[in-house]
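> Provide a 3D model corresponding to the input given below.
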Amino acid sequence: MESVVTVPSANGLRFVQGTRALHVKGPAALLRNLAERLEEGIDAHDLEGASRSARLARELESLGWLTDRSPRVVEEPSATERQWGYLTVFGPDAPLMQSRIEAARVAVLGVGGVGTVVAQHLVGAGARRLWLVDFDTVALHNLNRQFLFGRQDVGAPKVEAAAAALRRLNPRIDVRGIHRRIREATDLTVLPTDIDLLVVAADTPRTIVDVVWLWAAEYGVPVHMAAVGLESGYWGPLLIPNRGHCWPCFERGRRALLPIEHAELDDAELEPTPYSFGPSNTVISALLAHDVLEYLARGHCPSENRRGRLALDGTPMGFLEGRPCECADGSVAIGTRR
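Residues are numbered from 1 along each chain as shown. Got it, this is the predicted structure:
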C-alpha cells in the first residue's frame, strides 16, 4: 500500500496518497495528533467517543487508507517535503504538481546572475532534467551574485561548474552543460525540441530573445525570461506559442507605450550594465523562478503573456499586459510541437 502523506495547509491538514487528497479543516496540531494515533494503531472502540476522530477514521477508511492489520499515516522524508503545503496555494493536488515539477524538462540559456538562481531553485524544488547553455567562464567578479560558483571555479566553463554544483544538491539529476554561444536560431539545435520550457537568462546578443523566439515558435516551446538592470529588473513574459502568445507582438505593444525619449534609448546600441548587486539580482531571479515553478506545476502563472517590473527605489511593482498574436499569418508566432 502506498504511504499516505500528511501536508499542513492554511486551515487544517491534507492527507495525500498518489494523486488523491483529503482536506480536513481544523487545528493542524490536533489533526496531526490524530494522524499519529492512527499510524501507531488504535482500536475502533476508542474513537467512538471522539466525534472528530471517528469521522476522520471513517473518511480515511472509505478511501482504503486504513487497514485492520497496519493502519499507517506517515510522512515520507524528502528534500521537497516542506514545499508540498506551499504547492496547495497553486491547487488542491500537491502530489500531482510535485510530480510535474520532477518530470519537467527545462533548458536555461545563460548561466549567470539570473540563470544560476533559477537553476538552483529548479533543482531545489525537485526538477530532475536540465540543460544549461552558456559560452562564458567563471570570473571572480561573478561571485557576488552567482552563488553556485566558488573561487575554485574561476576560469572553468560556467556550464560545467554549475552542473557540478547542482549535482551536489541532488546527485540523481540529469543536468547537461552545453558550452556554446547562441547568435542565431540554428545554434539552438543542440536542445531537444520537446522540452517543456526554455528560460532566457542571457543578455547577449542584444537580440537574444528574437533569436530564441524563432526557434521556440517553430517547435512550440514555451519561453520565459528575466533581466536585471542598475535600478530595476523585470521578469516575463512567459510566452506559450500554442496559446497564441507572440514575442514580436508583445514587443510592439510594449514599445507603443514608451515615451519618445525612452523609445530612442531603447533603440540605442547599449551594452548591458557592467554593474551588479547580489540582492537586487536575487530578488528578480527568484520572482522568475517562482513563476517558472508555478507554470511547471499547474500550467499557468501570473506572468503568462505579461511582464512584471520591479524598481528598486520603492516604486510600486507594475505589470505590462501582452496582446494576442496579430501577425499577418501567425506562422512565426504560433508554432506546433513536433
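> I'd say residue 34 and residue 59 touch.
No: applying C-beta atoms under 8 Å, one finds residue 34 not in contact with residue 59, separated by 11.3 Å. Heads up, the C-betas are built off the backbone N, CA and C, glycines and all.
> give me the more crowded residue out of these two.
residue 34 (22 against 14; other C-beta atoms under 10 Å).
> distance of the more buried one from residue 94?
Distance, residue 34 to residue 94, using C-beta to C-beta, to the nearest Å: 20 Å.
> residue 223 too?
For residue 223, the distance to residue 94 equals 27 Å [C-beta to C-beta].
> again with residue 152
Applying C-beta to C-beta to residue 152 and residue 94 gives a distance of 38 Å.
> neighbour count: these two, which is higher?
residue 94 (24 against 9).
> next SSE after the worst-scoring helix or strand of the chain on mean pLDDT?
Using mean pLDDT, DSSP states H and E, the weakest-scoring helix or strand in the chain turns out to be helix 260-267, at a mean of 52. Elements were assigned by DSSP states H and E; along the chain past helix 260-267, the next helix or strand is helix 278-298.
> now do that following helix, average pLDDT.
Averaged across helix 278-298, the pLDDT comes to 96.
> chain center to that helix, what's the gap?
In terms of C-alpha atoms, centre = their mean, to the nearest Å, the centre of helix 278-298 is set 6 Å apart from its chain centre.
> and residue 79, which of the three is it?
coil (DSSP: H, G, I helix; E, B strand; the rest coil).
> isn't it right up against residue 126?
Yes: look at residue 79 against residue 126 with C-beta under 8 Å: they come within range, at 7.4 Å.
> so residue 310 sits in a helix?
No: under the criterion used here (three-state DSSP), residue 310 is strand, not part of a helix.
> and the pLDDT for it?
94.
> nearest spatial neighbour of it, chain-adjacent residues omitted?
Spatial nearest neighbour of residue 310, excluding adjacent residues (C-beta to C-beta, 6 or more residues apart in numbering): residue 317 at 5.2 Å.
> residues in contact with the residue nearest the centre of the chain?
Closest to where the C-alpha atoms of the chain average out (C-alpha atoms, centre = their mean) is residue 293, at 2.2 Å. Residue 293 sits next to 101, 121, 122, 125 when contact means C-beta atoms under 8 Å, 6 or more residues apart in numbering.
> the first one and residue 321, how far apart?
This points to residue 101. Where residue 321 is concerned, residue 101 sits at a distance of 27 Å (C-beta to C-beta).
> of the two, who's got more company?
Taking neighbours as other C-beta under 10 Å, residue 101 and residue 321 compare with residue 101 leading, 21 against 11.
> in a helix, the more buried one, correct?
Yes: secondary structure of residue 101 (three-state DSSP): part of a helix.
> among the contacts of residue 293, who's most crowded?
Ranked by neighbour count (other C-beta under 10 Å), the contacts of residue 293 have residue 122 at the top, with 26 neighbours.
> beyond the helix or strand containing that residue, next helix or strand please.
Applying DSSP H and E as the criterion places residue 122 in helix 115-125. Once the chain leaves helix 115-125, the next helix or strand it forms, by DSSP H and E, is strand 129-134.
> partner strands of that next one and their direction?
Strand 129-134 sits in its sheet next to strand 105-109 (parallel), strand 174-179 (parallel), going by DSSP bridges.
> make JSON lines out of these and add mean pLDDT and mean neighbour count.
Formatted as JSON lines, these follow (pLDDT from 0 to 100; neighbours: other C-beta atoms under 10 Å):
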{"stretch": "strand 105-109", "mean pLDDT": "98", "mean neighbour count": "23"}
{"stretch": "strand 174-179", "mean pLDDT": "97", "mean neighbour count": "17"}
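> quick one: closest of these to residue 300.
strand 105-109 (16.5 Å; C-beta to C-beta).
> dump that closest one to PDB, keeping only the CA atoms.
The C-alpha trace of strand 105-109 is given here as PDB (Å, rounded to 0.1, in the frame of the first residue of the first chain):
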ATOM      1  CA  ARG A 105      12.500  19.100 -19.000                       C
ATOM      2  CA  VAL A 106      13.900  22.600 -18.700                       C
ATOM      3  CA  ALA A 107      16.600  24.500 -20.600                       C
ATOM      4  CA  VAL A 108      18.300  27.500 -19.100                       C
ATOM      5  CA  LEU A 109      20.100  29.800 -21.600                       C
END
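> quick check: angle from it to helix 278-298?
Strand 105-109 runs at 150 degrees relative to helix 278-298, counting by axes from the mean of the first three to the mean of the last three C-alpha atoms, to 10 degrees.
> run the chain-centre distance for strand 105-109.
Centroid separation for strand 105-109 versus its chain: 11 Å, with C-alpha atoms, centre = their mean.
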